[in-house]
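Undergrad: Whatever this is, show me its structure:
(one chain, ligands or ions: 2)
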Amino acid sequence: MAALRLRSGNDRDPTASPVEIEPLPYTSVATPKSGDRPSPGSRSRQGSNNRRNQCYTVEAPRLTLEWRALQLEVTVQNAQTKAPEQKVILEQLSGVARPGELLVVMGPSGAGKSSLLDCISGRNTAIQGAATVNGAPWNKHLKRFAAYVMQEDLFHATLTVREHLALQARLRMSGSFTREQYLGRVDTLLEEFGLAKSKDTLIGGWMQRGISGGERKRLALATELLTNPSVLFADEPTSGLDSFMAKSVVQQLQRLAVREGRTVVTTIHQPSSEVFALFDRLELLADGATIYQGKAAEAMPYFASCGFQCPTFMNPADYFMEQIVVVDTDVGGAERVRSLKEAWKTNMTQRNEAIEVVNPQDIHSSSTSGNQVAMAASGGNMDDFEDPRASVYGQISVLATRNALRLLRDKTALRLQTIQTLVTTVLVGIIFFQLTLDQQGVSNFSGAFFYVVTEQVYGASMPAIMS
Ligand SMILES: Nc1ncnc2c1ncn2[C@@H]1O[C@H](COP(=O)(O)OP(=O)(O)OP(=O)(O)O)[C@@H](O)[C@H]1O
Ligand SMILES: [Mg+2]
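TA: Numbering: from 1, shown residues only. Ligands and ions are numbered 1, 2, ... in the order given. Predicted coordinates:
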């Protein structure tokens, strides 16, 4: 098994000691021009002696996602006839997401963006067609290298931002990194995502005011980036952010793709023209079908060739969305979208290269050293990459710590649980008071034990089941 290495650059030596890597400040990430982009996985800048700024990440395989003739249908009940019928959510989608590229899925609300992410990330397997990773279907080993930032986030309201990240880092990294190293990574991310000033603020929830919506979005992304996953799916990571922060987040995603050689697929609503310029590839969806798929820079000429010339000073993203958003009463709009769908199908059949099919030989030939390792089409040997996650004991310890913190901070829950425990204790005590050690007493003991165990197990697991 290859040893897990701390990221130290192109000329890395697997046996080398940890290298301090100075992270680029989050708010001043320069967008590399396509011409001078470093090769995927190339080294980050080094040199800082500041422990806080150390950046430790794990070696990860390079994963190429491919989907062909992907069709997603669900059975729904007809409102009038009550008969079950098939609803097509995704219609014959094909595409590819490569390491080193930022693929952005855009489309109107309900177009199928989240559904597409679910299918190509292996979360939804009830699909027709194929969705593969390096030529193989998703499996639990491959999923270890993927991270998904959901459209709706889910946090423990009573933890602070830093506590949340530190506990997640302990869960995900403590198997291979020291406490100092993974906490260093937490501090780096707090700074990169502009969360340093809120690090001691409670996250909060619907009962308790906490960090802002934008900060929640950034925290969700930072959590998934702790280990620099090979593949990152981010569903609407910029929704609710101001334009500056939205740009910073996309720059962060692009940096992850381009500098770290990771595969990044994201959905984005209403990008500014500056943000649009950061996209490598674009998938435009309308009604579950592809309107355009390819290099983002080539989308404008493609639309122009279809008779939709984007005005000179207009944001291309706004223009594309205007063409594909249809309201129910807009008959002309529906016809326009239908013609754009047809145009793409015709374009696909005319130009085979529109969808750049990845074949297994290409994946093998791109195998190089370091974190540019690509895996075989069969799925590769995942054992080559060490698992940095905490041991079972470590996981139990993290969960116990988190639960204790949650209980101590949530005064209402703590009071209720104390009262509930006292009442239960008194009731059980009264019912099973002064048991005798005869046949009848033993049977009563067994009843008492059964009750206590059931109460403990269900009492502890119900909140998790309900959530
Ligand atoms: N399980 C399901 N049953 C019925 N309809 C579904 C199901 N899942 C998704 N849909 C429908 O499929 C369509 C696409 O949903 P999806 O969540 O992928 O849209 P979206 O592009 O992510 O939208 P938004 O931008 O609002 O998040 C919607 O019309 C949705 O109602
Ligand atoms: Mg969605």
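Undergrad: Isn't L285 up against M106?
TA: Yes. Between L285 and M106 there is a contact at 7.3 Å, judged by Cβ atoms under 8 Å. Any C-beta I mention is one placed from the backbone N, CA and C, and that applies to glycine too.
Undergrad: which residues are common contacts for these two?
TA: Listed contacts common to L285 and M106 are K113; contacts here mean Cβ atoms under 8 Å, 6 or more residues apart in numbering.
Undergrad: in what helix or strand does the closest residue to Q168 other than its chain neighbours lie?
TA: Nearest residue to Q168 in three dimensions, chain neighbours excluded: T223, at 5.2 Å (Cβ to Cβ, 6 or more residues apart in numbering). Per DSSP states H and E, T223 falls inside helix 213-225.
Undergrad: which residues are in contact with that helix?
TA: By Cβ under 8 Å, 6+ apart, the list of residues contacting helix 213-225 from outside reads 147-150, 153, 155, 161, 164-165, 168, 189-190, 192-195, 198, 203, 211, 232, 234, 237-242, 245, 249, 252, 256.
Undergrad: how about a cut-off of 7 Å?
TA: 147, 149, 153, 155, 161, 164-165, 168, 189, 193-195, 198, 232, 234, 237, 239-242, 245, 249, 256 (Cβ atoms under 7 Å, 6 or more residues apart in numbering).
Undergrad: and the residue in the stretch 201-350 of the chain that ligand 2 sits nearest to, what does it touch?
TA: Closest to ligand 2 within the stretch 201-350 of the chain is D235: 5.8 Å, counting by Cβ to the ion. Remark: with contacts taken as Cβ under 7 Å, 6+ apart, D235 is in contact with S114, L117, V149, M150, Q151, T267.
Undergrad: Dig out what the residue nearest the centre of the chain forms beta bridges with.
TA: The chain has Y148 as the residue nearest its centroid, 1.9 Å off, counting by Cα atoms, centre = their mean. Beta bridges link Y148 to F233, judged by DSSP bridges.
Undergrad: Quick check: which helices or strands does the helix or strand hosting L422 pack against?
TA: Per DSSP H and E, L422 falls inside helix 411-431. Judged by 3 or more Cβ pairs under 7 Å, 6 or more residues apart in numbering; DSSP states H and E, helix 411-431 is in contact with helix 392-409, helix 439-466.
Undergrad: what residues does the stretch 301-450 of the chain put near ligand 2?
TA: For the stretch 301-450 of the chain, the contact set with ligand 2 under Cβ under 5 Å from the ion is empty.
Undergrad: Sketch out the low-pLDDT regions of the stretch 101-250 of the chain for me.
TA: Residues of the stretch 101-250 of the chain meeting the criterion pLDDT under 70: none.
Undergrad: So which residues on it come close to ligand 2?
TA: Going by Cβ under 5 Å from the ion, the residues of the stretch 101-250 of the chain near ligand 2 are S114, Q151.
Undergrad: tell me which parts of the stretch 101-250 of the chain are close to ligand 1?
TA: G107, S109, G110, A111, G112, K113, S114, S115, Q151 (Cβ under 6 Å from any ligand atom).
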